[in-house]
Every structure is written in structure tokens, then in C-alpha cells.
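Visitor: this one's sequence-less:
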Ligand code: AOS
Ligand code: ZN
Ligand code: ZN
């Protein structure tokens, strides 16, 4: 059971996870942002750090950028990424750090402010042209705090109008993914709170608009794997933002809080042909507030790989037979057998056979890179306030 078949190993070899540039910057809570020695001072150093994750795992060949946090000469940044063995991925827009957006951006009552937010997305599409990125990811911090404060219906209509304009600007090979989040920073209503709203909005735009599912953006107890199944079934799952949470949008290391949930999600990904499907981007959206960032990202991609391996181990023929015959406990046992199988020794051996470190965490620690950046870099920046 704990031996991975050649087909399963091929699936694992093809697995690709996109890292967020902001995971390498300092981050924290509203109470305190702790600095970490060696934190990147600009997007170029973030890319160099992300490349370390790929170097030790062969799992993370692309890096997502955030505009304006990662504003640079994108021709140079693209070349720098390629020189480091990675490429630039999803471009994330930002309409949540400007005073004009206090009462909304793409939904704002004032047409001039809406246009400013639309123009920002046009700028992001220009960046995509320069970086060669395919996806524009939109997460909106818009909503209201008190009943009666805002006309929810009017905002939904204005949102659709703004999204139509952004969509019309996309190139033939470009896509838009619309992320949902049930609350925060607004606490009464959010304009894109759930997958249904995101789906309704993107479905009205066209084939190049899809849903982004951030695993931390649901109410406690939500059956996230059901949403994964449904979006894959509808052909509308464009991307994941992987992370884990104990309480709200904690942005902790994926698989740290609930490995079984990650397993269940990945099982539905495999069941729905979403694994290694170029139409579905597997991104991380995490912050490392107290732990070192590069090993935090290495741990994260390994967690995804380990749970993917376990999900691949589910005996789907036996599961289907038990499901067909109504054998509840046998079906559950097939599922749980795979979940309880420790794939780590097999994965370590397999990594070594491919010229990778058996233990990427140990290999990174031994590499001296962390000590080198701590000595070389002074004055690293906070995620969100980067160059
Ligand atoms: C915010 O809660 C969302 O998860 C965003 O995807 C993301 O964390 C933010 O836009 C930083 O890029
Ligand atoms: Zn996210
Ligand atoms: Zn989030």
C-alpha cells in the first residue's frame, strides 16, 4: 500500500505549485510585524528566495507577483527569474490599500473611483504582457460593516460592470480568476463572499473568467472538498490559494492545521481530473509571521506533495465497488487506509532517485543560504509594503 506505482510517481513528478512573492516578505498581525534576518529587500531577492524552494524540491517552478508591491522593470525581473530556474506566474491586483477605496473599488458608488480601480487592473494586464503571465487574480476587500450601510444589490451590478470592462481587456491567452472570502475586512457583508457569487460573476463574463478558491476563506465546518468537486465539475476552478486556518483567514502553512482536510481536497482534485491540469493553478497564499520564510515554503510544498501521494493511494476501484454496494464502512475504510498511509519514506527514496535531496528541509538548513542572506541583507521589507 505504501509503494507508489510508476503512474502515481509520474503524476507526482509533474506536480507544480506556485509560490506567492509576499510569503518571503515580513508579515504579522495588526499587533506586531516581527522582522526576520535575511528578508528580501526587493522583488529580485524574493524571486531568488523562491528559487531556493524549487531547487530543493523541484515542486515550485513559478512565482506569483503582487502589484504594486512587486513593481519593477518586469523585463529584467522575468530574465532574473529565468536565470534562477523559475518563471513568473499569477499577477495579483490590489485595491485595498488606497484611501479612495474606503467604501469600495470595483463596486464604488462613484464612477471615477470605479474607473481608477479598473485602470489598476488594466495596469496589471500590462504587467502580465511583460511577464508572460497568464492569470490575473482579483481579490476584493469590498463590503460593509453595518446593515443598511450599503446597497448590496447595486454593488453587485456595479461589480459586474467593472469586471466586464477588465475582462474585455484580457488577451486571448489570458484569464481572470475571482477569489471569494466570507468576511474581513468587512464584517457585515462582503461583495464576493462565496463560491456561488464568484461563479455567478465569472459565468456572466465568459470562458476566460474562473473562480479562485482560497482554502482559508470559508466559515468553520464548510465542506471545502464539495466546492472543489462542484467547481471542477462545472469547469470553473481556475486556481487555488492554499493555506490553513484554525480560526479565520490565518494564512498558516498548508496542511498544518488540518492535514485530513487537505487530503480530502486533493482526493477531489484527482477525482475531478484537476491534478496536473494546466487549467488549474495550485498557488500558496501564506504568510510566515514567526518562522523562517524559505523553509516555511519548503514545508508547505512538501505537505501538498505528501497529501497528494496519499490521495493517489486511494484504491478507487475498491472505493467505487463499496459505494455501489452501499457498504458504508468498507468505503470509508478504503478512504481512511490511504489517509493513514505514511508516504514520506517512499517519497524520500524517490526524490533521491531523481537527484533531489531526500529531506529538502535538512538540505536547505545545511546549504548555508539562510545564514548568507541574514548576513548580506539588511532592512528587509514587510509583505505588502515592498519595493
Ligand atoms: C486575502 O485575504 C486574499 O487571500 C488574497 O488572496 C491575498 O492574501 C492578498 O491579496 C495578498 O496578495
Ligand atoms: Zn488568497
Ligand atoms: Zn486570504
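Guide: Arrived safely. Model, not experiment: these values are computed from the prediction. Ligands and ions are numbered 1, 2, ... in the order given.

Visitor: all contacts plus neighbour counts: C-alpha atoms, from now on.
Guide: Noted.

Visitor: and stretch 137-145, which residues are buried?
Guide: Residues of stretch 137-145 classed as buried by neighbour count (16 or more other C-alpha atoms under 10 Å): 137, 138, 139, 140, 141, 142, 143, 144.

Visitor: Excluding sequence neighbours, find me the nearest residue to the residue of the stretch 101-250 of the chain found nearest ligand 1.
Guide: Using C-alpha to the nearest ligand atom, residue 139 is the residue of the stretch 101-250 of the chain that sits closest to ligand 1, at 5.5 Å. Distance criterion C-alpha to C-alpha, 6 or more residues apart in numbering; nearest residue to residue 139, sequence neighbours excluded, is residue 179 at 5.0 Å.

Visitor: Quickly list what the one you found is bridged to.
Guide: Beta-bridge pairing of residue 179 under DSSP bridges involves residue 212.

Visitor: which residues touch it?
Guide: Shown in contact with residue 179 (C-alpha atoms under 8 Å, 6 or more residues apart in numbering): 137, 138, 139, 140, 192, 198, 211, 212, 213, 214.

Visitor: Flag every residue of the stretch 101-250 of the chain that's near ligand 1.
Guide: Selection of the stretch 101-250 of the chain residues close to ligand 1 by C-alpha under 6 Å from any ligand atom yields residue 139.

Visitor: Can you show me the strands along the stretch 101-250 of the chain?
Guide: Remark: strands assigned in the stretch 101-250 of the chain by DSSP state E, counting those that start in this stretch are 135-138, 143-144, 175-179, 189-190, 209-214, 237-242.

Visitor: Nearest to residue 124 among those strands would be which one?
Guide: strand 135-138 (7.3 Å; C-alpha to C-alpha).

Visitor: So what's the model's average confidence on the closest one?
Guide: Averaged over strand 135-138, pLDDT sits at 98.

Visitor: What of stretch 80-95?
Guide: In the prediction, stretch 80-95 has an average pLDDT of 98.

Visitor: Need the contact partners of stretch 18-26.
Guide: Applying C-alpha under 8 Å, 6+ apart, the external contacts of stretch 18-26 come out as 33-36, 39-40, 43, 46-47, 49-50, 60-66, 89, 281-289, 293-294, 297, 380-384, 386.

Visitor: cool, stretch 298-316 as well?
Guide: Applying C-alpha under 8 Å, 6+ apart, the contact partners of stretch 298-316 are 1-2, 4, 8, 12, 15, 17, 53, 56-57, 59-60, 253-255, 259, 262-264, 266-267, 270, 334-335, 337-339, 341-344, 347, 360-361.

Visitor: List the buried residues of that stretch.
Guide: Buried residues in stretch 298-316, counted by 16+ other C-alpha under 10 Å: 298-314.

Visitor: count of neighbours near residue 294?
Guide: Residues near residue 294, counting by other C-alpha atoms under 10 Å, number 24.

Visitor: so what's it scoring on pLDDT?
Guide: 98.

Visitor: show me what contacts the spatially most central residue of the chain?
Guide: Nearest residue to the geometric centre of the chain (C-alpha atoms, centre = their mean): residue 241, 2.4 Å. For residue 241, the contact set (C-alpha under 8 Å, 6+ apart) comprises 212, 213, 214, 215, 282, 283, 284, 285.

Visitor: now swap in residue 289 and tell me
Guide: So residue 289 contacts 26, 27, 28, 29, 33, 34 (C-alpha under 8 Å, 6+ apart).

Visitor: Please identify which two of those are farthest apart in space.
Guide: Checking those with C-alpha to C-alpha, the most distant pair is 26 and 29, at 10.6 Å.

Visitor: Between those two, which is the more surrounded one?
Guide: Taking neighbours as other C-alpha under 10 Å, residue 26 and residue 29 compare with residue 26 leading, 27 against 9.
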